[in-house]
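Colleague: Need coordinates for the following:
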Amino acid sequence: MKQNEDFQEEIGNNHVATSAQTPLRADAFDISDDEKIESIKKDVEHILNTLGLDLTDDSLKGTPNRVAKMFVKEIFGGLNPAKKPSSSTFENKYKYGEMLVEKNIVVYSTCEHHLLPIVGRAHVAYISKGRVVGLSKMNRVVDFYAKRPQVQERLTMQIVQELQNVLGTMDVACVIDAKHLCVNSRGIRDIESSTVTSEFGGKFKEDKVKREFLDYIKLDTQF
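Modeller: I've put the predicted structure just below:
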């Protein structure tokens, strides 16, 4: 038992991903959002009470409910497939065949190991094979997959895989540069470091195309 606990602690402290898919149970949506909020509210009350806080204080009285609503409706809202952005695409009538890059998309996510924020920027690109997608859709895809307990490597892969499915092409790439508060505010407490992850599909695996993308986003990191 102790060895298993040590192994789990090592995975968490080293921010190791164990799956390319978000590990959801089959019964994840058997209860409603309102039922989830009510259950989480009681759990937050228990945590705060255990820490010795006075929940009769006006400042803390509504905290359990606020946290529960935030978990279900906001920062973990991307767990719910019903909130997935629509997959509408359009014919590339103007025959634009070069790279399209949407850079500096804000990423707000949550580390699944310590439930602390991940904050950074995503840079996404694709080369059309006959279909194009609205620019805001790329932002929405990033936001949807970010709004769940995450590992940055998985988030990067999920963004690329979703856009590959939507656009019908493997020629999609994503780079994320983000700060992890589980590194910045606890443990090693290194406030300067950030984590860079990448996923290159199709033509983006070619050195010339990859370098063009990295030049667009002004990233000097070598891949």
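Colleague: what ranges of the chain fall below the confidence cut-off?
Modeller: 1-18, 219-223 (pLDDT under 70).
Colleague: now do 80
Modeller: Judged by pLDDT under 80, the chain has its weakly predicted residues at 1-19, 87, 187, 219-223.
Colleague: longest helix in the protein, by residue count?
Modeller: In the chain, with assignment by DSSP state H, the single longest helix is helix 33-50.
Colleague: I'd like the next helix or strand past it.
Modeller: Using DSSP states H and E, the next helix or strand after helix 33-50 towards the C-terminus is helix 63-69.
Colleague: Please save the CA atoms from that next one in PDB.
Modeller: As requested, the backbone C-alpha atoms of helix 63-69 are provided in PDB (Å, rounded to 0.1, in the frame of the first residue of the first chain):
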ATOM      1  CA  THR A  63     -18.000  29.900  -0.500                       C
ATOM      2  CA  PRO A  64     -19.000  26.200  -0.600                       C
ATOM      3  CA  ASN A  65     -21.800  27.000  -3.100                       C
ATOM      4  CA  ARG A  66     -19.600  29.400  -5.100                       C
ATOM      5  CA  VAL A  67     -16.800  26.800  -5.400                       C
ATOM      6  CA  ALA A  68     -19.300  24.000  -6.400                       C
ATOM      7  CA  LYS A  69     -20.900  26.100  -9.100                       C
END
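Colleague: helices or strands next to it in the packing?
Modeller: Applying 3 or more CB pairs under 8 Å, 6 or more residues apart in numbering; DSSP states H and E, one finds that helix 63-69 contacts helix 33-50. Placement of C-beta: from N, CA and C, glycine included.
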